[in-house]
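Novice: Model the structure of this input:
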Amino acid sequence: MSKPMLLIVDDEKPTREGLRAALEDRYDVYIAEDSTTAMGLLEAEHFDVLLTDFRLPHEDGMKLIARAKSLPRAPVCILMTAYGSEEVAVQAMKSGADDYIPKGRLQIDELEMRIARVLRQQKLEAENVTLRQQLDSKFGLENIIGKSPGMVEVLTVVRQVAPARATVLITGESGTGKELIARAIHNLSPRSRQPLVAVHCGGLPSTLIESELFGHEKGAFTGAHERRIGRVEQAQGGTLFLDEVGEIDSAIQIKLLRFLGERTFERVGSTKTLTSDVRLIAASNKKLEDLVRAGTFREDLYYRLKGVRIELPPLRERLGDIPLLAHAFMRESARENDKAVREITSDAMEKLLAYRWPGNVRELRSAIETAVVLSRTDKIAVRDLPAEVRASEASIATAGGQLIAPGDITVKEAEKQLIVRALKEAAGSRTEAAKKLGMSRRTLHRKLHAYQLEDL
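Specialist: Numbering: from 1, shown residues only. This is a model prediction of the structure:
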């Protein structure tokens, strides 16, 4: 097995030669006397570890670390300095250093131990990423919960579109799970072994989106102290996910349109044309066609993006999924918070079913996490729910005219309650009730018979 590659950067020859002699048995050691030479080596070879002094000619070690961390395959970085202080240590970590050691107290045994530790941590993180990718690749839809007709249709389209190269546009209200669907498409695709890179366009100022997407060269604008690899380049061979794509301004829309057509781009501040083979998945909680009509979104880009369109239903239109989701979030939160919560009482479930969930699945997850943390027993009760959920009007407190006894609520009982509620809201119209429930009239008749609700 080849040795890990180690680059030592120090302007004092005795120090760097002494460190090389001490470490070359365990590492393939290279040395450099300044940051310029070091960056040349870092760009030419993939080093596992960068061990650099703080005081260097041309620029200090923290700037060198920041540049090293901008590389596509960044090394583990350890900063050495004779000017040891808590302030320098904090600055070093902000620059991306993985560890920091005062040079005046430097002992070879301790240095070897620290290098081994950060390398183990890096290996563990890489293994975790690989494991997650493998699990996601095998179980691409594992974390998507839903048996309502709307979600069944969504998952059917996900399976169909995943193996293709087509661009996908995912639309739906905030909190409906657009990024989860994007990850499922990626994980089920032939690109699953390559990265999925997400850009949340709504959270970035318009002045930074171009640099975020396409990268920039050193000196391209004020504050551009180092070259930056953009997300398009990072996603090479994989998938680029643009969340809230409707927030991109017109100037960047033109560049994105060109990229989609030619798969070419330039970093900000460069005239060199680069290429990147990525699959694009976009998402928006706004109707892009409305933005096109308003003149804020290019029509040609809109048609490029919506190769395949997936519309995610809001949670209020998939009521039958609420018990499934609530129980899944309860189990997950109970594990994370070391709580023995195993059940949801029927009156608490009534409140969950009656609430309109403007924040959709994301809000439901948050509500259940709150309830698990606040629960005083092994059951989630009404008192444990957020105030706005507790205040919801429970219009499904009865089934067939009989009060539901307190206690555990099953998925079947929750579905029974949903049917009663839908019929009440539809004034007895079974056609309208079936639409509210997202099922066919025939399916509703079958369930009415099964639950002995035919007289409703």
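
Novice: Assess the claim that L280 and T167 are in contact.
Specialist: Yes. Using Cβ atoms under 8 Å, L280 is in contact with T167, at 4.9 Å. For every residue, glycine as well, the C-beta is placed using N, CA and C.

Novice: higher neighbour count, these two?
Specialist: Neighbours per residue, other Cβ atoms under 10 Å: of L280 and T167, the larger number sits with L280, 22 against 17.

Novice: Just to be sure, the more buried one is in a helix?
Specialist: No. If the criterion is DSSP: H, G, I helix; E, B strand; the rest coil, then L280 is strand and not within a helix.

Novice: Show me the beta-bridge partners of it.
Specialist: L240 (DSSP bridges).

Novice: Report the contact partners of it.
Specialist: 167-168, 239-240, 242, 260, 305 (Cβ atoms under 8 Å, 6 or more residues apart in numbering).

Novice: tell me, what's touching L280 and T167 both at once?
Specialist: Joint contacts of L280 and T167 (Cβ under 8 Å, 6+ apart) are 260, 305.

Novice: now K123, what's its secondary structure?
Specialist: Secondary structure, three-state DSSP: K123 is helix.

Novice: per-residue confidence for it?
Specialist: At K123, the model reports a pLDDT of 73.

Novice: immediately after the least confident helix or strand in the chain by mean pLDDT, which helix or strand?
Specialist: Across the helices and strands of the chain, mean pLDDT, DSSP states H and E gives its lowest value to strand 402-403, namely a mean of 30. For strand 402-403, the following helix or strand on the C-terminal side (DSSP states H and E) is helix 411-425.

Novice: Please name every helix or strand in contact with that following helix.
Specialist: Helix 411-425 is packed against helix 322-336, helix 346-354, strand 398-399, helix 430-437, helix 441-450, with contacts defined by 3 or more Cβ pairs under 8 Å, 6 or more residues apart in numbering; DSSP states H and E.

Novice: among these, which is nearest R390?
Specialist: Among the helices and strands packed on helix 411-425, helix 346-354 comes nearest to R390, with 6.1 Å by Cβ to Cβ.

Novice: helices and strands around that closest one, which ones?
Specialist: Applying 3+ Cβ pairs under 8 Å, 6+ apart, we find helix 346-354 packed against helix 322-336, helix 360-374, helix 387-390, helix 411-425.

Novice: how about a cut-off of 6 Å?
Specialist: On a contact count with 3 or more Cβ pairs under 6 Å, 6 or more residues apart in numbering; DSSP states H and E, helix 346-354 meets helix 322-336.

Novice: just checking, D53 touches I78?
Specialist: No. Proximity of D53 to I78 does not meet the contact threshold set by Cβ atoms under 6 Å, at 10.5 Å.

Novice: Break this protein into its domains for me.
Specialist: 5-129, 147-313, 316-450 (automatic domain parsing).

Novice: what's the span of the second one from first residue to last?
Specialist: What that stands for is domain 147-313. For domain 147-313, the first-to-last residue distance is 12 Å (Cα to Cα, to the nearest Å).

Novice: And it, how far out from the chain middle?
Specialist: 14 Å (Cα atoms, centre = their mean, to the nearest Å).

Novice: Do me a favour and average the pLDDT over it.
Specialist: 92.

Novice: ok, how many other residues are close to G177?
Specialist: When neighbours are counted by other Cβ under 10 Å, G177 comes out with 22.

Novice: Ignore what I typed, I meant R117.
Specialist: 13.

Novice: So it: helix, strand or coil?
Specialist: The three-state label given to R117 by three-state DSSP is helix.

Novice: Report pLDDT for the nearest residue to it once chain neighbours are set aside.
Specialist: Of all residues not flanking R117 in the chain, D99 sits nearest, at 7.7 Å (Cβ to Cβ, 6 or more residues apart in numbering). pLDDT recorded at D99 is 84.

Novice: Contacts only, for D99.
Specialist: Contacts for D99 (Cβ atoms under 6 Å, 6 or more residues apart in numbering) come out as 78, 114, 118.

Novice: returning to what we had before: to L6, which of the helices and strands packed on helix 411-425 lies closest?
Specialist: helix 322-336 (38.3 Å).

Novice: still on that earlier bit, out of the contacts of L280, flag the one nearest to L448.
Specialist: Using Cβ to Cβ, V168 comes nearest to L448 of those, at 37.8 Å.

Novice: Pretty sure the closest one sits against I281.
Specialist: Yes. Counting by Cβ under 6 Å, I281 is a contact partner of V168 at 4.7 Å.

Novice: ok, R228 - how many residues close by?
Specialist: Neighbour tally, R228, other Cβ under 10 Å: 19.

Novice: My guess is it contacts G215. True?
Specialist: Yes. Using Cβ under 6 Å, R228 is in contact with G215, at 4.9 Å.

Novice: The residue lying closest to G96 once chain neighbours are set aside: neighbour count?
Specialist: Spatial nearest neighbour of G96, excluding adjacent residues (Cβ to Cβ, 6+ apart): K69 at 3.8 Å. K69 is flanked by 16 other residues according to other Cβ under 10 Å.

Novice: Quick check: pLDDT value at K69.
Specialist: We have a pLDDT of 81 for K69.

Novice: gap between it and L50?
Specialist: K69 sits 9 Å away from L50, taking Cβ to Cβ, to the nearest Å as the criterion.

Novice: again, but for D98
Specialist: Shown here: D98 relative to L50, a distance of 9 Å by Cβ to Cβ.

Novice: Specify which residue of these two has the higher count of neighbours.
Specialist: L50 (28 against 23).

Novice: what about the helix or strand containing that one, average pLDDT?
Specialist: Assigned by DSSP H and E, L50 belongs to strand 49-53. Strand 49-53 carries an average pLDDT of 92.
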